[in-house]
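[1] Could you work out the structure for the sequence below:
(4 chains)
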2 protein chains.
Amino acid sequence: MPTIRDVAERAGVSPITVSRVINRSGYVSLETRARVEAVIAELDYVPNTLARSFRSRKTRVLALVLTDVTNPFWTTVARGVEDVANQNGFNVILCNTDEDETKQADYLRVLLQKRVDGFLLVPVRNTPEPVKLIQRQNVPLVVLDRQVGGVEVDVVRGDSEEGAFRLVQYVLSQGHRRIAVLAGPASISTAVQRVDGYRRALRQAGLDASAELVYYAEYDQTSGCQMAEQALAAEPRPTALFAANNFIGIGALQALRRAGWRVPEDMGLVCFDDVPSWLAIDPFLTVAAQPAYAMGQQATERLLARLSGPATAQCQEIVLPVEIIIRRSCGILQETG
Amino acid sequence: MPTIRDVAERAGVSPITVSRVINRSGYVSLETRARVEAVIAELDYVPNTLARSFRSRKTRVLALVLTDVTNPFWTTVARGVEDVANQNGFNVILCNTDEDETKQADYLRVLLQKRVDGFLLVPVRNTPEPVKLIQRQNVPLVVLDRQVGGVEVDVVRGDSEEGAFRLVQYVLSQGHRRIAVLAGPASISTAVQRVDGYRRALRQAGLDASAELVYYAEYDQTSGCQMAEQALAAEPRPTALFAANNFIGIGALQALRRAGWRVPEDMGLVCFDDVPSWLAIDPFLTVAAQPAYAMGQQATERLLARLSGPATAQCQEIVLPVEIIIRRSCGILQETG
DNA sequence: CTGTTAGCGCGTTCAT
DNA sequence: ATGAACGCGCTAACAG
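    Okay, here's the model as predicted:
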């Protein structure tokens, strides 16, 4: 594999001139540029990013550490991140933690070793250690989707509390009074906030704590299935379920179908996070949709601003609004005999 | 950020000793090792992969270039690749070409610049140029899923022709005689082979070319939708559709639903590639399922073998069998008045 | 507009 | 069991 020196020699210039041609930095005469480019093509010269990054101490790579790209919500977030990153000449390394703290720690270590220029992190738990680890290395960082306690850090997230509040308000408006929440892990801020919003909506409707029915589990389909089964066995039985994310929602739908319950006739179902239309789910879900793409975009913009701006800038928390999309999965409560 | 030298000075040893501690290479006394490790922790020293790879001329990174990880088939292939890679201490960089030759070319260039140790490539078209580009740089390469003409190269793929043959055989066994194929682009080998398998099945059933109904478009949902609409308008109308991949299948399902056709009562539907159960699609599809995970695994194993073995090894083509999974979307042909 | 000098952080080679 | 010297390919800083 030829090096920049090989190109330089053959073109009769110095290596730095070749460097300037490649990077379009500094001045090079048109004539020289043409000659150098001809030699580059002739030799199939491919610049070595490793050497370049090593020397310049910049990789132009961002790390996106999230829980699971299989989830359409995260797929969309990732698109937002990549689009903004690419527009600005950055590549993105994507890592899935599967909500596992060990995996998260391993990835962070590897990514620091790779000297990525910045981190976009969806923390597995609300503990400050991972954030502190990155900050100690002076690598810019934006936390996505979730809050972490005990540290100053930029955060971009959706408004879980308000979204849950309005979604449950809607369910209440359909006449439901007994609503179960199938929530995520209590160690994740979004799960807590969605339960908070649910409680506020119940309270505003004049219902007290005895009307509450809250289940905590993982943000996945299996948990959704199990929590739905538990909710169906509760006494008195709820008339509607509020799934705290899309996978829980799909799991609940599965459990309902298996148990022979029709949605929305026999049981209302709403969920947090939208579901892509190509899933061809029927009946289609009423949801609180976070602006996933915009979350990715804005987090990346914030990170890029940190990369070019002074490290002293104030940390800020950007909270994006959630949209309630009313479809067919939760109708007016039917009176049963 | 501290360097290996900072650690060395503070520990009162030479940099190479620190290097030996980190890499567990060569001999270091237990005492020295302990002291060095203490300093590493104290200083939050993070080794610089860039420098290491630069020096050793090895990145321990593989590139996986495919069309679209949003597709569950590719998600599964990617898992197979990552699992094998990680087990062997390699990281994977994943790139989506979206079936766009320009994107593919851009990614290949960037990845070569990054000096990845090897490529797993799902070529956008069946032209040899991308493969040659990589081979010219002497970087090991395994082609996944598709064949390319005009080059010697390792290939791991599913048996599209045989899979299509057996799937269409099944459709014929249900009494269907007029079957439309909604195929992918004629420039992709799998699309051609699936049509070939379809033709062989028809011929074996004693049907001639006049029974054929072939549409070519992209391997995506929109195309599936459009081709299904065209097929429904054909004269005589087919009684079953064979979608050449899962996205085409989902698109076709959508078109059928919109047009008010029931599956399988009014129209049979089968497709190539399985669909994950959590999609909650109803009615569930009868498919020819490729061993996606195994494809990823075997391709990666082959690539790793190339990395450690002699570059002179014979190229081979590994063709994996396809499994027909019979579910509900294509039943016995109903006689209509 | 172009070149010279120097060194980024690490691991290989050889020496002790 | 440990260290010294060197260089990987490239670009920052400065000179001309």
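[2] And the residue of the stretch 151-300 of chain A that's closest to DNA strand C?
    The stretch 151-300 of chain A approaches DNA strand C most closely through A:V153 (25.5 Å), counting by C-beta to the nearest atom of the strand. Placement of C-beta: from N, CA and C, glycine included.
[3] Surely that residue touches A:K132?
    No: taking C-beta atoms under 8 Å as the definition, A:V153 is not a contact partner of A:K132, at 9.3 Å.
[4] can you list the residues that contact stretch A:322-331?
    In this structure, residues lying in contact with stretch A:322-331 by C-beta atoms under 8 Å, 6 or more residues apart in numbering or on different chains are A:158-160, A:162-163, A:166-167, A:170-171, A:174, A:176, A:240, A:263-265, A:268-270, A:274, A:283-291.
[5] Please apply the same query to stretch A:255-262.
    For stretch A:255-262, using C-beta under 8 Å, 6+ apart, the contacting residues are A:224-226, A:228-229, A:232, A:263, A:266-267, A:269, B:280.
[6] host element of the closest residue to A:A252 other than its chain neighbours?
    Nearest residue to A:A252, sequence neighbours excluded (C-beta to C-beta, 6 or more residues apart in numbering or on different chains): A:A228, at 3.9 Å. In the assignment (DSSP states H and E), A:A228 maps to helix A:221-233.
[7] what element comes up after that helix heading to the C-terminus?
    Remark: after helix A:221-233, the chain's next helix or strand is strand A:240-243, criterion DSSP H and E.
[8] angle of the next helix or strand after that next one against helix A:221-233?
    Next along the chain after strand A:240-243, taking DSSP H and E as the criterion, comes helix A:246-258. Orientation check (axes from the mean of the first three to the mean of the last three C-alpha atoms, to 10 degrees): helix A:246-258 against helix A:221-233 gives 50 degrees.
[9] Of the contacts of stretch A:255-262, which ones also sit close to DNA strand C?
    Cross-checking the contacts of stretch A:255-262 against DNA strand C (C-beta under 7 Å from any atom of the strand) gives no overlapping residues.
[10] which of the residues you listed sit farthest apart?
    Farthest-apart pair in these is A:Q226 and A:D266; separation 19.3 Å (C-beta to C-beta).
[11] The two: which is more packed in?
    A:Q226 (18 against 13; other C-beta atoms under 10 Å in any protein chain shown).
[12] Might you report the residue contacts of the more buried one?
    A:217, A:251, A:255.
[13] Now, of these, which are buried?
    For those, a burial check counting by 16 or more other C-beta atoms under 10 Å in any protein chain shown picks out A:217, A:251, A:255.
[14] Tell me the pLDDT of the closest residue to the last one other than its chain neighbours.
    By that I understand A:A255. Closest residue in space to A:A255, ignoring its immediate chain neighbours: A:A228 at 3.8 Å, by C-beta to C-beta, 6+ apart. Per-residue confidence (pLDDT) for A:A228: 98.
[15] A:R24 now?
    The model's pLDDT for A:R24 equals 87.
[16] cool, the one 5 residues further on as well?
    On the pLDDT scale, A:S29 is placed at 89.
[17] okay, now it: neighbour count?
    A:S29 has 9 neighbours, counted by other C-beta under 10 Å.
[18] Drop anything exposed from the contacts of stretch A:322-331.
    Counted by 16+ other C-beta under 10 Å, those give A:158-160, A:162-163, A:166-167, A:170-171, A:174, A:176, A:240, A:263-264, A:268-270, A:274, A:283, A:285-291 as buried.
[19] Narrow these to those in helices?
    Among the buried ones among the contacts of stretch A:322-331, the ones falling in helices (DSSP state H) are A:160, A:162-163, A:166-167, A:170-171.
[20] What is the nearest of the residues you listed to DNA strand D?
    For those, the residue nearest DNA strand D by C-beta to the nearest atom of the strand is A:S160; the value is 42.7 Å.
[21] The closest one contacts A:G184, doesn't it?
    No: counting by C-beta under 8 Å, A:S160 stays clear of A:G184, with 10.0 Å between them.
[22] okay, and the common contacts of the two?
    A:190, A:194.
[23] How many residues are close by the residue nearest to A:A252?
    A:A228, neighbours per other C-beta under 10 Å, totals 29.
[24] if I look at it, how far off is B:D196?
    46 Å (C-beta to C-beta, to the nearest Å).
[25] and what of A:L108?
    Taken as C-beta to C-beta, the span from A:L108 to B:D196 is 49 Å.
[26] Who has more neighbours out of these two?
    Neighbours were counted for A:L108 and for B:D196 using other C-beta under 10 Å; A:L108 has more, 23 against 15.
[27] show me the contacts for that one.
    Counted by C-beta under 8 Å, 6+ apart, A:L108 has contacts A:65, A:119, A:130, A:133-134.
[28] How about the secondary structure of it?
    helix (DSSP: H, G, I helix; E, B strand; the rest coil).
[29] next one: the one 3 residues further on
    Following three-state DSSP, the label given to A:L111 is helix.
[30] so what's it closest to, chain neighbours aside?
    Using C-beta to C-beta, 6+ apart, the closest residue to A:L111 is A:A63 (4.4 Å).
[31] pLDDT value on the one you found, please?
    Per-residue pLDDT puts A:A63 at 97.
[32] For stretch A:266-281, what is the distance to the chain centroid?
    19 Å (C-alpha atoms, centre = their mean, to the nearest Å).
[33] export it as CSV, just CAs?
    The C-alpha trace of stretch A:266-281 is given here as CSV (Å, rounded to 0.1, in the frame of the first residue of the first chain):
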residue,chain,number,x,y,z
ASP,A,266,-62.9,-5.5,25.4
MET,A,267,-59.9,-3.6,26.5
GLY,A,268,-58.4,-0.2,25.7
LEU,A,269,-54.7,0.0,24.9
VAL,A,270,-52.5,3.0,24.4
CYS,A,271,-48.7,3.3,24.4
PHE,A,272,-45.7,5.6,24.6
ASP,A,273,-43.6,5.9,21.5
ASP,A,274,-45.0,5.4,18.0
VAL,A,275,-44.8,2.2,16.0
PRO,A,276,-43.9,2.3,12.3
SER,A,277,-46.9,1.9,10.0
TRP,A,278,-45.2,-1.0,8.0
LEU,A,279,-45.7,-3.2,11.1
ALA,A,280,-49.2,-3.6,9.8
ILE,A,281,-50.5,-4.0,13.3
